[in-house]
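Chemist: Show me how the following folds:
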Amino acid sequence: MKKFLLAIAVIVVVIVAILLIKTFTYPFKKNNLSSVPETKWVKNDSAIQRFSGGIKIPTVSAGDLDVFDYAPFGQFKEYLKKSYPLVYQNTENYEVNTYGLVFKLKGSKPNLKPILFLSHMDVVPPGDADIKNNEQNVFRPDDKALPAVTKVAEDWDFSPFSGAVANGRIYGRGAIDMKGMLFSLMESLTNMIKSGTVPQRDIYLAFGFDEEVGGRKGAKQIAEDFKKKGLTFDAVYDEGGLILEKGGIKGIDSDVAVIGCAEKGFFSAKIKVKGLGGHSSMPPMESAIGKAAVIMQRLEKDQMKPTITPLIKEFFDNIGGTMPFANRLAISNQWLLKSVLLSQLAKNNSTNALIRSTTALTMMKGSDGTNVLSPEVEFVVNFRLLSGNSVKDIRDHIAQATKGFDVEVEEIDNTREASAISPTNVRAYKVIEQGIKEVYPNSLVTPYLTIAGTDAYKYQIVSKNIYRFMPIKITDAEKQSIHSTNEYISIENYMKMIHYFEYIMKNYDK
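Modeler: As a prediction, the model looks like this:
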């Protein structure tokens, strides 16, 4: 017995030793963070005013593309032409499908592959929240800046399409998503032209107009137009990642810049469940709505299996070295602790989305009467596909969840596989790191998985190097204001974004 216990003790000691050795020798990326002052930014009232004017144009995309109100999009095109004459005069520019816009600034070496910057002019509806101040033409760029919000507001401080400039902020629907990036790109290109800087390779800008509803008439057709012309790009840059303020990632005591090197796929299904209808006074033993509830419970309880994909492994390798010991222990010893690591990640909705194809029940419809049993109940389930899971896997998963029931499954919206993963060992990625360090020198920089969909996906047909990153530093509450109430971007973020994109354009080949 003593020998047995001694053997167990030796095994435990050996395992502990292995865990510690692997933890302290794991090749986490060394991030030499310092207290270097952030780059001084210069406020440009004219640039702010041009951006403010663009927010005032309600380019809302919602629902059926065929019933869009396209008048604001035409107005927006004319506004850009009036606001940025140098860009229009010094680039090749054209329209795709009437409202999609493409600009090309010629480089000195046409044999080099061009680079492409994306944005979109459409915004989501502003909602019906109350407005505190309906004053129009508010332009106070010299106000003292208020600190960033810490929770999503219930009301709008100013009208969603006022473009109000106050409190060190630029308010309005689309301020972050995504007119801020669009106008910063136009400002950056203008600055390039003004300074007489000629890039080595051609620089393209492409702006879609229906990203919020799938991008089928905008980005998809622009990408197809590029392919028809035989164009391929050395890099494509779009929205996706952000700079998360210190505390944005638990355990990391610094700002973290997350660069989306891939995005999840998309699959929505409408599931119609059939049963017996009739009067509620004589209900069947199992109703259609009861059957639907069983299926929905199965879908939520038995979700797709979690896994650490190569991209998320690289993410942990980049930031893990600055995390607490317990985190480093789990990351560096997945041979033993992988299940523990996955279990912890799955407990948080943000990190859970990084390790599995998520399941979200979003809509449901049944009877219109309180005393009427519907013979058919339908609900919608949305999956965001992790790399490694296919659309076929999701179809099989739904088939298993609905087994034993009389159902019809209809795929809706824009079904798509998870995107390809762009490399991090190429110039297209390295220059992003350099640009971030130029503007936010004390940020950790890491590849990441973009959870939501972007227009970037459509451009896989013309580039293998696609990166999703908007160089703004925001709080979690500011991030949640996107598609919600009181969206704004700080003047500081907007000015730094212009500087960042100008840096990328000027230094891509240096």
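Chemist: tally of neighbours for I289?
Modeler: Close neighbours of I289, defined as other C-beta atoms under 10 Å, add up to 17. The way it works is simple: take the backbone N, C-alpha and C, and place the C-beta from them, glycine included.
Chemist: ignore the last one, A288
Modeler: 24.
Chemist: Would you check that it makes contact with P375?
Modeler: Yes - assessed by C-beta atoms under 8 Å, A288 is found in contact with P375 at 6.2 Å.
Chemist: Three-state assignment for E187, please.
Modeler: Classification of E187 using DSSP: H, G, I helix; E, B strand; the rest coil returns helix.
Chemist: ok, and the closest non-adjacent residue to it?
Modeler: I498 (4.7 Å; C-beta to C-beta, 6 or more residues apart in numbering).
Chemist: For M285, grab phi and psi.
Modeler: phi -70, psi -30 (degrees, to the nearest 10).
Chemist: Can you give me the neighbour number for it?
Modeler: 6.
Chemist: For the helix or strand in which V14 is found, give me every contacting residue.
Modeler: In the assignment (DSSP states H and E), V14 maps to helix 2-25. Identification of contacts with helix 2-25 by C-beta atoms under 8 Å, 6 or more residues apart in numbering yields F325, R328, L329, S332, N333, L336.
Chemist: Give me the common contacts of A288 and P375.
Modeler: K274, G275, L276, G277.
Chemist: returning to that earlier point: flag every buried residue along the helix or strand following the helix holding V14.
Modeler: Sequence-wise, the next helix or strand downstream of helix 2-25 (DSSP H and E) is helix 45-55. By neighbour count on 16 or more other C-beta atoms under 10 Å, the buried set for helix 45-55 is A47, I48, Q49, R50, F51, S52, G54, I55.
Chemist: And helix 45-55, how far out from the chain middle?
Modeler: Taking C-alpha atoms, centre = their mean, to the nearest Å, one finds helix 45-55 lying 24 Å from the centre of the chain it belongs to.
Chemist: do the same with stretch 38-56
Modeler: Using C-alpha atoms, centre = their mean, the offset of stretch 38-56 from its chain centre is 23 Å.
Chemist: How about stretch 135-145?
Modeler: The answer for stretch 135-145 is 29 Å, by C-alpha atoms, centre = their mean.
Chemist: and what of stretch 458-471?
Modeler: 12 Å.
Chemist: Same question for stretch 20-30.
Modeler: On C-alpha atoms, centre = their mean, the centre of stretch 20-30 falls 31 Å from that of its chain.
Chemist: Quick one: end-to-end distance for it.
Modeler: 19 Å (C-alpha to C-alpha, to the nearest Å).
Chemist: how about the residue nearest the centre of the chain, secondary structure?
Modeler: Centroid check for the chain by C-alpha atoms, centre = their mean gives G240 as the closest residue, at 3.2 Å. The three-state label given to G240 by three-state DSSP is strand.
Chemist: Please tell me how far it sits from F226.
Modeler: Computed with C-beta to C-beta, to the nearest Å, the distance linking G240 and F226 is 20 Å.
Chemist: again with I504
Modeler: Counting by C-beta to C-beta, the gap from I504 to F226 is 20 Å.
Chemist: Could you do E286 as well?
Modeler: E286 is 54 Å from F226, by C-beta to C-beta.
Chemist: Those two - which one has more neighbours?
Modeler: Shown here are E286 and F226; by other C-beta under 10 Å, F226 has more neighbours (24 against 12).
Chemist: Count the residues that sit near the closest residue to that one other than its chain neighbours.
Modeler: Closest residue in space to F226, ignoring its immediate chain neighbours: V462 at 4.9 Å, by C-beta to C-beta, 6+ apart. V462: 22 surrounding residues under other C-beta under 10 Å.
Chemist: isn't V462 right up against I222?
Modeler: No - with contacts counted by C-beta under 8 Å, V462 stays clear of I222, the gap being 9.7 Å.
Chemist: List phi and psi for the closest residue to F207 other than its chain neighbours.
Modeler: Take F207 and drop its neighbours on the chain: the residue closest to it by C-beta to C-beta, 6+ apart is L101, 4.4 Å away. Backbone torsions of L101, given as degrees, to the nearest 10, read phi -120, psi 140.
Chemist: For L101, give me its contacts.
Modeler: Residues in contact with L101 (C-beta under 8 Å, 6+ apart) are K77, L80, N93, E95, M121, L205, A206, F207.
Chemist: Mind listing the residues bridging to it?
Modeler: For L101, the beta-bridge partners are E95, F207 (DSSP bridges).
Chemist: Test my guess that F379 contacts A269.
Modeler: No - contact between F379 and A269 fails when scored by C-beta under 8 Å: they sit 9.3 Å apart.
Chemist: what about the residue nearest to R140 when sequence neighbours are not counted, distance to D122?
Modeler: Excluding its sequence neighbours, the residue lying closest to R140 (C-beta to C-beta, 6+ apart) is A166, at 4.7 Å. From A166 across to D122, the span is 25 Å (C-beta to C-beta).
Chemist: So for those two, which residue has more residues nearby?
Modeler: The neighbour count for A166 versus D122, taken as other C-beta under 10 Å, is higher for D122 (26 against 21).
Chemist: The more buried one - nearest residue in space that isn't next to it in sequence?
Modeler: S61 (3.8 Å).
Chemist: Just want the phi and psi numbers for V426.
Modeler: phi -120, psi 160.
Chemist: in terms of contact, does it touch N465 like I think?
Modeler: Yes - contact criterion C-beta under 8 Å: V426 and N465 qualify, at 5.8 Å.
Chemist: before we move on, back to that, my understanding was that the residue nearest to the centre of the chain contacts R468; is that so?
Modeler: Yes - using C-beta under 8 Å, G240 is in contact with R468, at 2.2 Å.
Chemist: Overlap of the contact sets of the two?
Modeler: Counting by C-beta under 8 Å, 6+ apart, the residues touching both G240 and R468 are I259, G260, E263, T450, T454, A456.
Chemist: circling back: quick check: of the contacts of helix 2-25, which has the highest neighbour count?
Modeler: Among the contacts of helix 2-25, S332 has the most neighbours (other C-beta under 10 Å), with 23 neighbours.
Chemist: Does that residue touch G320 like I think?
Modeler: Yes - counting by C-beta under 8 Å, S332 touches G320, with 7.4 Å between them.
Chemist: Quick check: neighbours shared by those two?
Modeler: Contacts common to S332 and G320, judged by C-beta under 8 Å, 6+ apart, are Y26, F28.
Chemist: got any residues that touch both of V462 and I222?
Modeler: Shared contacts of V462 and I222 (C-beta under 8 Å, 6+ apart): none.
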